[in-house]
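# need a structure here:
(one chain, ligands or ions: 2)
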Amino acid sequence: TELHDLIRRLPKAELHLHLEGSLEPEMMFALAQRNNIDIPYVSVEAIRAAYDFSNLQDFLDLYYVGMNVLQTEADFYDLTMAYLERSHADTVRHVEVFFDPQGHTERGIAFATVINGITRALEHGEAKFGITSRLILCFLRHLSEEAAFDTLAEATPFLSKIDGVGLDSSELGHPPSNFQRVFGAAAKLGLKRVAHAGEEGPPEYVHEALDLLHIDRLDHGNRSLEDAALVDRLVAEEMTLTVCPLSNLRLCVVNDLKDHPLKRMLDLGLRATVNADDPAYFGGYVNDNFIRTADAVGLTETDVITLAKNSFLGSFLPQAEIDRHL
Ligand code: ES4
Ligand code: ZN
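Ligands and ions are numbered 1, 2, ... in the order given. Take a look at the predicted model:
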C-alpha cells in the first residue's frame, strides 16, 4: 500500500536497539561453529521455535544464552555490521544502540574486545552507508549497583566512544532507585541517561527514572498510560518514549497488536518513536514494526510522519543535525 511505501522510504532514526538482540539464528549458529561453542539448539529452525515467550524473563533467559557465541572482536564487528546493513535497507539514517557489557565481561570477555568490535563497525557503517550513531552502555539491573560502578570504571578509558548509559534486563523487583548513585556518577562524566521503565514495571518506576536517574529519554514507558498525571508530565517535558511494538507483542506486554497503545500515545501528545528492541528475537526490524503496527492500530500518514520526525527529535544528535533530517 501507499502507507507501507511511505514507511519504507521515510528517513528514520532507531533509538532502542540492543545489539546482542540483533543476533540472528543463522549468525548464532555460524559463530558457535567458528568459536567451537556449544549451544542448546540443533538447528536454526530449533532456535526460532524456542522463541515463544510469555514474559520478559522468559526472553532474557534465552538472550543471555545466545550471546555466549560472541567471543572475539570480529564477532562483535560482524554482529554490529549485520545490524547496520539491515538498517540501511530500512532507510534508517541514524542509530543509537545499546550494548550489555556485563553479559560479556561476566563470562571472561574483555570490555575492550566488545567495544572495539562494535565501534569499528559503527565507524565502517558510517563510511559505507552514511548511518551516524551513538553508543549506549546498559547496566544489567538484576545485578548490583556495585557491579554497575565496576562496569562504569571499566568503561572510563573508552569514554570518547560512549555517549550514554542505560538500564535494562529484569525490571520487576529491580527499581531505578537502586541505580541512583551510578547514574549520578555517569552524569558527572558527561554521559546521557536513559532507562527501561514501565515495560513490565509500574508507573512508579517511570517516576523514579525521571526524578532519581534524571533520564534524557524513556525506554518503553507503556505503563505510564495508567497514570494520567505522569502522562501530563511526560508531554510537558517533551520526553521521548522509545516504543517497541513487536517486542511488546512477543513479550505479552500486549496480547494483540490491535491493543497496542502507540496510537493512543500519539493522540495524547506523547513523543513516541517506533523501534525494534531485539529484532532477531521478536520477528522484525524497524520497518516491520512500523508496518505491522500501522495496519493493526490504523496509523495515518500523518502519524507515520510524526513518528519518523520524533525519532530524530528524540535523538542525541546536535540540533543542526536534527534540523537537517526533519
Ligand atoms: C530487553 Cl525488551 C528488553 N527489556 C529489558 N531488557 C532487555 N535487554 C534486552 N532486551
Ligand atoms: Zn529494550
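# Output the set of residues of the stretch 201-326 of the chain in proximity to ligand 1.
Ser247, Asp277, Asp278 (Cβ under 6 Å from any ligand atom). C-beta coordinates here come from the backbone N, C-alpha and C atoms, glycine included.
# In TSV, list these along with neighbour count.
As requested, those are arranged in TSV below (neighbours: other Cβ atoms under 10 Å):
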residue	neighbour count
Ser247	28
Asp277	31
Asp278	26
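# out of everything not next to it in sequence, what's closest to the residue in the stretch 151-300 of the chain positioned nearest to ligand 1?
Closest residue of the stretch 151-300 of the chain to ligand 1, Cβ to the nearest ligand atom: Asp168 (3.5 Å). Sequence neighbours aside, Cys138 is the residue nearest to Asp168 in space, at 4.5 Å (criterion: Cβ to Cβ, 6 or more residues apart in numbering).
# now the strands for the chain?
Using DSSP state E, the strands of the chain run over 12-18, 92-99, 132-140, 164-168, 192-197, 217-220, 240-243, 271-274.
# what angle do the first one and strand 92-99 make?
Using axes from the mean of the first three to the mean of the last three Cα atoms, to 10 degrees, the interaxial angle of strand 12-18 with respect to strand 92-99 works out to 20 degrees.
# and strand 12-18, what does it pack onto?
strand 92-99, strand 217-220, strand 240-243, strand 271-274, helix 301-313 (3 or more Cβ pairs under 8 Å, 6 or more residues apart in numbering; DSSP states H and E).
# Next, format the ones you listed as a markdown table and append distance to Gln33.
Compiled in a markdown table, the helices and strands packed on strand 12-18 are given as follows (distance: least, Cβ to Cβ, whole Å):
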| stretch | distance to Gln33 |
| --- | --- |
| strand 92-99 | 23 |
| strand 217-220 | 34 |
| strand 240-243 | 34 |
| strand 271-274 | 35 |
| helix 301-313 | 36 |
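# Would you convert the ones you listed into CSV that also reports mean neighbour count and mean pLDDT?
Formatted as CSV, those follow (neighbours: other Cβ atoms under 10 Å; pLDDT from 0 to 100):
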stretch, mean neighbour count, mean pLDDT
strand 92-99, 24, 99
strand 217-220, 26, 98
strand 240-243, 26, 99
strand 271-274, 26, 99
helix 301-313, 19, 98
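# which residue does the stretch 1-150 of the chain bring closest to ligand 1?
His18 (4.2 Å).
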